[in-house]
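Visitor: sequence? don't have it. structure:
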């Protein structure tokens, strides 16, 4: 099929997904489009890279100097989005204030990140990146301070997923210069809208789980599919079922085994907790979460379950990651405080690493080591505090509203496990954004309290009884009323 015809068909299909996903019951603010654009950029490429891909028909990779300097157009676009989001949050001042006050560990983490700029070798770059990191938080706050946070999250995930996932398949199949990468041996692999195979896996992981969440919500309870269809939810079923099928197709073709393993574990968690026996025994949720994290960690780092690691396409060195970890840790000379916020992958350190590896890594491929490099052991400790309190918030949300709690627990588990072999605790990373979405405490929860309707209770007047007639000659209701039974 010619690429232009395929593009037209995919465009029509994407519009069809949006049309099928319309749900008039969900009311969200137009401001939601701000985090939608931000998340779409985080899950794909910077605007300058898209412009270069469209005009030249090929992708570009930034050099070490370009990584330090950044791109003026990208900076202007992100700044405009951030300022717009800040304006929205100012208008929602009281709600935002309560939400920020309720999330002390997150505030503490970002305060320490700001302090670490003081000892960074590149303080100006570190400061700019810290502002961008605040943009991640601002976007999540825009979503969670919406009048109906649950509906806002649904639309955020569907709007971005309906574009990025089908577009990834289109680019990988019909625009190989943009949607594929090549190994030194000449083998190609899917990258889709992202710049690497692993980043494409993250896109499939997050939005695939969003589709599973919606399908579980639509199909659970008595009646299942028949009930969902009879209530006019057929369009939602088709839209999210189609999205899930495309995600599985991309997983199959891209070979992103880390993301696929995380997807299977988190999807299993959501499906299991949607079953009535498990929903009633909520302590089972704790067991499932612990087993998933412990099994993943022991298989990857403790040698237990080596067959499982091989089954997902990894060798004992985790595809060379252990060598990268040894190298980057040896280049960090401040174990307690780190090199400063987002400062490690700059200057001579980056040149040294790129001289060793032809594929030019710009992350440690482990989120916890990444935090250690930039923020030291203090940063790791604050991240652990975020994880512990985040799990408490997610499990509390599950107890309050299981439908909402499932996606929060799934994204929590994904973030913890995904960071074993990828660096997701980074600015403009979709997994980090979803971790914030899942773990930030929202007073009152995601689902707004339903307005209590006052119903007037009508008092039934006692029928008249002639005292001269015996009580037995009247209906039974007379004798059951204490007032009437005593006579007039």
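Guide: Received, thanks. All values derive from a computational prediction rather than experimental measurement.
Visitor: pLDDT weak spots in the stretch 101-250 of the chain?
Guide: In the predicted model, the stretch 101-250 of the chain carries pLDDT under 70 at residues 221-232.
Visitor: what about the strands in it?
Guide: Using DSSP state E, counting those that start in this stretch, the strands found in the stretch 101-250 of the chain span residues 180-182, 188-190.
Visitor: List the neighbouring strands of the last one plus their orientation.
Guide: Same thing as strand 188-190. Sheet partners assigned to strand 188-190 using DSSP bridges are listed as strand 180-182 (antiparallel).
Visitor: Redo the strands of the stretch 101-250 of the chain as a markdown table? Include distance to residue 376 and mean neighbour count.
Guide: In this view, the C-beta of every residue, glycine as well, is placed from N, C-alpha and C. Shown next, in a markdown table, are the strands of the stretch 101-250 of the chain (distance: least, Cβ to Cβ, whole Å; neighbours: other Cβ atoms under 10 Å):
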| stretch | distance to residue 376 | mean neighbour count |
| --- | --- | --- |
| strand 180-182 | 34 | 16 |
| strand 188-190 | 35 | 18 |
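Visitor: Can I get these in TSV including distance to residue 147?
Guide: Converted to TSV, those look like this (distance: least, Cβ to Cβ, whole Å):
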stretch	distance to residue 147
strand 180-182	42
strand 188-190	39
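Visitor: now for the ones you listed, which one comes closest to residue 151?
Guide: Each of the strands of the stretch 101-250 of the chain was scored for nearness to residue 151 using Cβ to Cβ, and the closest is strand 188-190 (32.3 Å).
Visitor: List of residues touching that closest one?
Guide: Strand 188-190 has contacts (Cβ atoms under 8 Å, 6 or more residues apart in numbering) with 168, 172, 176, 179-183, 197, 200, 250, 253-255.
Visitor: Okay, and which of those map to helices?
Guide: Of these, the ones assigned to helices by DSSP state H are 168, 172, 176, 179, 197, 200, 250, 253, 254.
Visitor: Go through these and give me the one with the most neighbours.
Guide: Using other Cβ atoms under 10 Å as the neighbour criterion, residue 200 leads those with 31 neighbours.
Visitor: tell me the contacts of it?
Guide: For residue 200, the contacting residues are 168, 190, 191, 192, 193, 194, 250, 254, 256, by Cβ under 8 Å, 6+ apart.
Visitor: Please repeat the previous calculation with a cut-off of 7 Å.
Guide: Contact analysis of residue 200 by Cβ atoms under 7 Å, 6 or more residues apart in numbering lists 168, 190, 191, 192, 194, 250, 254, 256.
Visitor: and the gap between the residue lying closest to the fifth one once chain neighbours are set aside and residue 49?
Guide: Spatially, and ignoring its direct neighbours in sequence, residue 194 is nearest to residue 200 (4.4 Å; Cβ to Cβ, 6 or more residues apart in numbering). If you measure residue 200 against residue 49 using Cβ to Cβ, to the nearest Å, the figure is 14 Å.
Visitor: just residue 13 next, same as before
Guide: Distance from residue 13 to residue 49, counting by Cβ to Cβ: 24 Å.
Visitor: now do residue 292
Guide: On the measure of Cβ to Cβ, residue 292 and residue 49 end up 34 Å apart.
Visitor: what about residue 89, which helix or strand?
Guide: Assignment of secondary structure by DSSP states H and E places residue 89 within helix 72-91.
Visitor: ok, and for that helix, which residues are buried?
Guide: By neighbour count with 16 or more other Cβ atoms under 10 Å, helix 72-91 contains the buried residues 74, 77, 78, 81, 82, 84, 85, 88, 89.
Visitor: Could you list the residues in contact with it?
Guide: Counting by Cβ under 7 Å, 6+ apart, 31, 34, 37-38, 46-48, 96, 132, 135, 138-139, 141-142 sit against helix 72-91.
Visitor: And the average pLDDT for that helix is what?
Guide: Averaged across helix 72-91, the pLDDT comes to 95.
Visitor: gap between the residue lying closest to residue 162 once chain neighbours are set aside and residue 160?
Guide: Distances taken as Cβ to Cβ, 6+ apart place residue 17 nearest to residue 162, at 4.4 Å, with adjacent residues excluded. Separation of residue 17 from residue 160 (Cβ to Cβ): 12 Å.
Visitor: neighbour-wise, which of these two wins?
Guide: Taking neighbours as other Cβ under 10 Å, residue 17 and residue 160 compare with residue 160 leading, 25 against 22.
Visitor: residues contacting that one?
Guide: Going by Cβ under 7 Å, 6+ apart, residue 160 touches 36, 39, 40, 43, 207.
Visitor: For the second one, report the pLDDT, please.
Guide: The one in question is residue 39. 97.
Visitor: For it, identify the helix or strand it belongs to.
Guide: Assessed by DSSP H and E, residue 39 sits inside helix 33-43.
Visitor: Who are the packing partners of that helix?
Guide: Judged by 3 or more Cβ pairs under 7 Å, 6 or more residues apart in numbering; DSSP states H and E, helix 33-43 is in contact with helix 72-91, helix 123-144, helix 149-174, helix 430-439.
Visitor: Ok, which of the ones you listed comes nearest residue 301?
Guide: Of all these, helix 430-439 sits nearest to residue 301, with 19.4 Å by Cβ to Cβ.
Visitor: Could you list every helix and strand in contact with the closest one?
Guide: By 3+ Cβ pairs under 7 Å, 6+ apart, helix 430-439 packs against helix 33-43, helix 123-144, helix 197-219, helix 367-400, helix 402-418.
Visitor: Using CSV, lay out the ones you listed together with distance to residue 242.
Guide: Converted to CSV, the helices and strands packed on helix 430-439 look like this (distance: least, Cβ to Cβ, whole Å):
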stretch, distance to residue 242
helix 33-43, 19
helix 123-144, 24
helix 197-219, 9
helix 367-400, 28
helix 402-418, 19
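Visitor: Tell me which of the ones you listed lies nearest to residue 297.
Guide: Among the helices and strands packed on helix 430-439, the nearest to residue 297 by Cβ to Cβ is helix 402-418 (8.0 Å).
Visitor: between that closest one and helix 149-174, how big is the angle?
Guide: Following axes from the mean of the first three to the mean of the last three Cα atoms, to 10 degrees, one obtains 50 degrees for the angle between helix 402-418 and helix 149-174.
Visitor: What are the contacting residues of helix 402-418?
Guide: Under Cβ under 7 Å, 6+ apart, the answer for helix 402-418 is 150, 205, 209, 213, 216-217, 258, 262, 265-266, 269-270, 273-274, 279, 285, 289, 292-293, 296, 387, 390-391, 394, 397-398, 424, 431, 434-435, 437-439, 445-447.
Visitor: Please tell me how far that helix is from the chain's geometric centre.
Guide: Counting by Cα atoms, centre = their mean, to the nearest Å, helix 402-418 is centred 8 Å from the centre of its parent chain.
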